[in-house]
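> output the structure for:
(2 chains)
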Amino acid sequence: MTKKTNIPTNRKLHSPDKAEGFQVQRSFPQLVLLLLCATLIFSCHRKESAYNKNVLPNQAIKDTLKSTEYAVEAPPLTEGIFPCSDCHSELEPNPERRTLDWHEEITGIFDHDSENRWCLDCHDLENRDSLRLASGKLLNFKESYKLCGQCHGEKLRDWKVGVHGKRTGEWNGEKEYLLCVHCHNPHAPKFESLTPEPPPVRQEDIQ
Amino acid sequence: MKANKSRRSFLKNISFATASALALSSCELKSLDKFFQKNFRTLSKKEIDQMIKELEEDYQTKYGKEFHVSAKPATDQTLFGYALDISRCIGCRRCVYACVEENNQSRDPQIHWIQVLQMEKEKGVDFAHSDVHYNPEKVPEEGHFYLPVQCQQCRNPQCTTVCPVKATWQEPDGIVVVDYNWCIGCRYCMAACPYGARHFNWAEPNVPADKINTETHYLGNRPRLKGVVEKCTFCIQRVREGRYPACVEVCPVGARKFGNLLDPESEIRYILENKRVLVLKQELNTQPKFYYFFGV
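The predicted model follows:
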């Protein structure tokens, strides 16, 4: 019996009549607060869904608006190697970290924090024609400086203002940037030493 | 009027005429014109155009190529500045030879406007113990750093104040230039320059015709004469057209930076405001517009 009597009481509490009555009693500031909360929740969800959309695998590579700020020379890809999907589309993607028995030209020289990093830290597993940020966002090879900038933020900052690296063009006009990879091999980035041009003639040797 | 027909006057006139004929026959009228050419800064637009036309013809005859000699003046609101990243330079001397090619420096006897000094890291910037003749197989060498020195384009240039004929001066955009046609070769400016940035043509400059750069400026890289002083002009023929100097373009490590000191958005201003910067021989108050900085 007690059960039977209890149930209607509970139902009464959640009845629409009661709820409407409760809402009528709300003050104006409470309503504004409610509206604000709703907007906040809606915008957060929207942001999250946009973020998810960007980082989902197999998405098309999109150039972000910011990339148009920097006119860069075409990335120095080895001739005939791009698009990578020409070969990789027929291969089963294997995310396991291992020593490759392919790409000897890269594995042979790889010296870029090799203890902690390997191919798929920068290349995407699913879309072989693109690079991949730590967030999972895919990146065109033209924007590879963003990938480098994940760790070398200070260098990226200097590069953007033309202090690190080289810009060509006009000192008061259009400038073209070289990508990080034009000077640094991404797989072994230490700048290689060069053979110097001949020294000047010694004074005693001038006839 | 009674004509003077004395033997004395006849001899006087005939000897005067012979002497004049002899003097004039040894030099053409054109060379006479050149001899009496005024200082570049006092020439009118018409005179400059005429002189440039003649120079272009002369160079074409000499090198068998069409030359362009510019006399483009400085642009308003421009003051050129230069910055060199000591922490990046590897001493490869690419800049030295790019400069030679761009600016038609004499190959033999050799003239280099840029000297790359190798210094020991332990000693710091120490000119007395620097070496310009280093020649290892590969650079950079362990324990060394490199300091390229060229004209520092001083705001307070001593080389121009000592010139007895005012053949060298600072242009409104800050470039110190030489009028080779006005220079008398006294080399006072070389003695006054604390950076060894001025060079003298002891012999007729020798540039092979196939190596000559035909895009020139009157105050810059046009072919020079024997007995005149020359120096770096920030590649005046390039920078006044908006381009970067040749040494900036060739540097394989991007250690060389160039721009307008009056433009707050320029990379040179960014460096001055954000990096550790030094100038050479600051105590001499030459106030160079050539800065050295540490990028890292």
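> and the residue nearest the centre of chain A, what does it touch?
Among the residues of chain A, the one closest to the centroid is residue A:133, at 3.4 Å (CA atoms, centre = their mean). Under the criterion of CB atoms under 8 Å, 6 or more residues apart in numbering or on different chains, the neighbours of residue A:133 are A:139, A:146-147, A:150. For glycine as for every other residue, the C-beta is placed from the backbone atoms N, C-alpha and C.
> show the pLDDT at the residue of chain B at minimum distance from chain A.
Checking chain B residue by residue against chain A with CB to the nearest CB singles out residue B:254 as nearest, at 3.4 Å. Reported pLDDT at residue B:254 in the predicted model: 95.
> same deal with residue B:214?
Residue B:214 carries a pLDDT value of 97.
> doesn't residue B:64 make contact with it?
No: under the contact definition of CB atoms under 8 Å, residue B:214 does not touch residue B:64, with a separation of 10.6 Å.
> the more surrounded of these two?
Per other CB atoms under 10 Å in any protein chain shown, whichever of residue B:214 and residue B:64 has more neighbours is residue B:214, with 17 against 10.
> and the gap between the more buried one and residue A:90?
55 Å (CB to CB, to the nearest Å).
> same check on residue B:223?
Distance, residue B:223 to residue A:90, using CB to CB: 63 Å.
> the more surrounded of these two?
Between residue B:223 and residue A:90, counted using other CB under 10 Å, residue B:223 has the larger neighbour count: 20 against 7.
> all helices of chain A, in order?
Under the criterion DSSP state H, chain A carries helices at the ranges A:2-13, A:16-24, A:28-55, A:85-88, A:104-107, A:144-149, A:153-160, A:180-183.
> what about the second one, average pLDDT?
Here helix A:16-24 scores 47 as its mean pLDDT.
> just the longest one next, same as before
For helix A:28-55, mean pLDDT rounds to 74.
> and if you look at the first one?
Helix A:2-13 carries an average pLDDT of 42.
> list the residues that contact the residue nearest in space to the middle of chain B.
Centroid-nearest residue in chain B, with CA atoms, centre = their mean: residue B:231, separated by 3.0 Å. Applying CB under 8 Å, 6+ apart, we find residue B:231 in contact with B:113, B:151, B:176, B:178, B:197-199.
> again, 10 Å this time
By CB atoms under 10 Å, 6 or more residues apart in numbering or on different chains, the contact list for residue B:231 reads B:103, B:113, B:150-151, B:153, B:159, B:168, B:175-178, B:189-190, B:193, B:195, B:197-199, B:220.
> cool, residue B:155 as well?
For residue B:155, the contacting residues are B:79, B:170, B:174, B:176, B:285-289, by CB under 10 Å, 6+ apart.
> helix/strand/coil for it?
Assigned by DSSP: H, G, I helix; E, B strand; the rest coil, the conformation of residue B:155 is coil.
> relative to residue B:171, how far out is it?
If you go by CB to CB, the gap between residue B:155 and residue B:171 works out to 12 Å.
> residue B:96 - how many residues pack around it?
Residues contacting residue B:96 under the criterion other CB under 10 Å number 23.
> how far away is it from residue B:153?
Counting by CB to CB, the gap between residue B:96 and residue B:153 amounts to 18 Å.
> next: residue B:143.
When CB to CB is applied, the distance between residue B:143 and residue B:153 equals 31 Å.
> of those two, which one has the most company?
Neighbour tally, residue B:143 and residue B:153, criterion other CB under 10 Å: the higher count belongs to residue B:153, 26 against 8.
> so the more buried one makes contact with residue B:290?
Yes: under the criterion of CB atoms under 10 Å, residue B:153 makes contact with residue B:290 at 5.7 Å.
> sketch out the low-pLDDT regions of the chain for me.
Chain wasn't specified; assuming chain A. Applying pLDDT under 70 to chain A flags the ranges A:1-26, A:44, A:47-69, A:206-207.
> can you look at chain B instead?
Filtered on pLDDT under 70, chain B yields the residue ranges B:1-4, B:22, B:24-32.
> quick one: the strands in the stretch 101-250 of chain B?
Defined through DSSP state E, counting those that start in this stretch, the strands belonging to the stretch 101-250 of chain B, from first to last, are B:115-120, B:144-149, B:168-170, B:176-178, B:199-200, B:215-217, B:229-230.
> which residue ranges make up each domain of chain A?
With automatic domain parsing serving as the domain definition, the record reports that chain A contains domains spanning A:2-55, A:65-90+A:108-183.
> ok, which of those comes nearest residue B:20?
Of all these, the one in closest proximity to residue B:20, counting by CB to CB, is domain A:65-90+A:108-183 (54.2 Å).
> surely residue B:269 is in contact with residue B:263?
Yes: because the distance of 6.6 Å satisfies CB under 10 Å, residue B:269 is recorded as touching residue B:263.
> returning to that earlier point: which of the contacts of residue B:155 has the largest number of neighbours?
Highest neighbour count within the contacts of residue B:155, by other CB under 10 Å: residue B:176, with 26 neighbours.
> do you know how far it is from residue B:270?
25 Å.
> which residues do residue B:269 and residue B:263 both contact?
Residues within reach of residue B:269 and of residue B:263 at once, by CB under 10 Å, 6+ apart, are residue B:81.
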